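# prediction below, plus the sequence it came from.
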Amino acid sequence: MSVDLKTVKRVAHLARIALSEQEAERMMGELNGILGFVEQLSEVDVTGVEPMTSVTPMAMKKRQDVVTDGGKADDIVANAPETDRNFFLVPKVVE
């Protein structure tokens, strides 16, 4: 797959990037180089290779999927001027 000058200008327009004619031509070469590298990667045989999250083996940290209130209601309202049963009390404003 290769990118032509028209496609580069369209992508630049969609990204709201101003490109001169010379910059667009240079960008076309750079994008074609990137796409060529991606095509090379698709030629690699990855059958039997497990997906990984890091280059070093590690176990994912897991926690129980349970709903809690966080246990921090008292901490959250600790600095509030007025509270009632862990709710913030604010003055009523009616105009």
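Thanks, I have it.

# how many residues are close by residue 31?
Under the neighbour criterion other CB atoms under 10 Å, residue 31 is assigned a count of 15. Glycine gets a C-beta too; all of them are placed from N, C-alpha and C.

# Three-state assignment for the most centrally placed residue in the chain, please.
Centre of the chain computed as the mean C-alpha position; nearest residue by CA atoms, centre = their mean is residue 53, 15.9 Å away. Three-state assignment for residue 53 (DSSP: H, G, I helix; E, B strand; the rest coil): coil.

# just the strands from this protein, written as ranges.
For the chain, applying DSSP state E gives strands covering 83-84, 87-88.

# so what's residue 2 up against?
Neighbouring residues of residue 2 by CB atoms under 8 Å, 6 or more residues apart in numbering: 32, 35.

# pLDDT weak spots in this structure?
Applying pLDDT under 70 to the chain flags no residue at all.

# now with 90?
Low-confidence segments of the chain, defined by pLDDT under 90: 1-2, 41-42, 46, 49-76, 85-86, 91-95.

# just give me the longest helix of it.
For the chain, the helix with the greatest residue count under DSSP state H is helix 21-42.

# list the buried ones in it?
24, 27-28 (16 or more other CB atoms under 10 Å).
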